[in-house]
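Asks: With the input below, show me the fold.
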Amino acid sequence: MLFIITQSPFVKALPPAAGKQTIVLTQDAVITATLPLVTESYDVIYALADDLKARGLMPNITANITVINYQQFVELTLNNHPIVTWN
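Replies: The predicted model follows:
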């Protein structure tokens, strides 16, 4: 299952961590990439590079975050089903 998350974790809680979930952090959700206790709960977490850069967060991301570009994001949407937009 692929979760596409758009909102800050301070606005809306992340989906419950369970099973084999892939999470893509976009827009204000990239703030989550700087919160180690939150991100340790999930297997695979990606964050969009452009959104991290736009918010000045690139130097602060935790070790388990994989930074991706838009092409990689599209590939994830093609290869993971079902897709849930969490906003």
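
Asks: looking at the sheet around the residue most central in space within the chain, what are its partners?
Replies: Note on the chain: the residue nearest the mean C-alpha position is Leu25, at 2.4 Å, using CA atoms, centre = their mean. Beta-bridge partners for Leu25, by DSSP bridges, are Ile5, Ala47.

Asks: Show me which residues of stretch 77-87 are buried.
Replies: Using 16 or more other CB atoms under 10 Å as the burial criterion, the residues of stretch 77-87 that qualify are Asn80. In short, each C-beta sits where N, CA and C put it, glycine included.

Asks: sorry, back to before: can you read off the pLDDT for the residue nearest to the centre of the chain?
Replies: Looking at Leu25, its pLDDT reads 96.

Asks: ok, now Lys53?
Replies: At Lys53, the pLDDT recorded in the model is 97.

Asks: Kindly check the end-to-end length of stretch 26-37 for me.
Replies: Criterion CA to CA, to the nearest Å; first-to-last residue distance in stretch 26-37 is 19 Å.

Asks: Now do the buried residues in that stretch.
Replies: Residues 26-34 are the ones in stretch 26-37 that count as buried (16+ other CB under 10 Å).

Asks: Need those residues in a markdown table (columns: secondary structure and distance to Phe3).
Replies: Conversion of the buried residues of stretch 26-37 to a markdown table gives the following (DSSP: H, G, I helix; E, B strand; the rest coil; distance: CB to CB, whole Å):
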| residue | secondary structure | distance to Phe3 |
| --- | --- | --- |
| Thr26 | coil | 11 |
| Gln27 | helix | 14 |
| Asp28 | helix | 15 |
| Ala29 | helix | 10 |
| Val30 | helix | 14 |
| Ile31 | helix | 16 |
| Thr32 | helix | 11 |
| Ala33 | helix | 14 |
| Thr34 | helix | 18 |
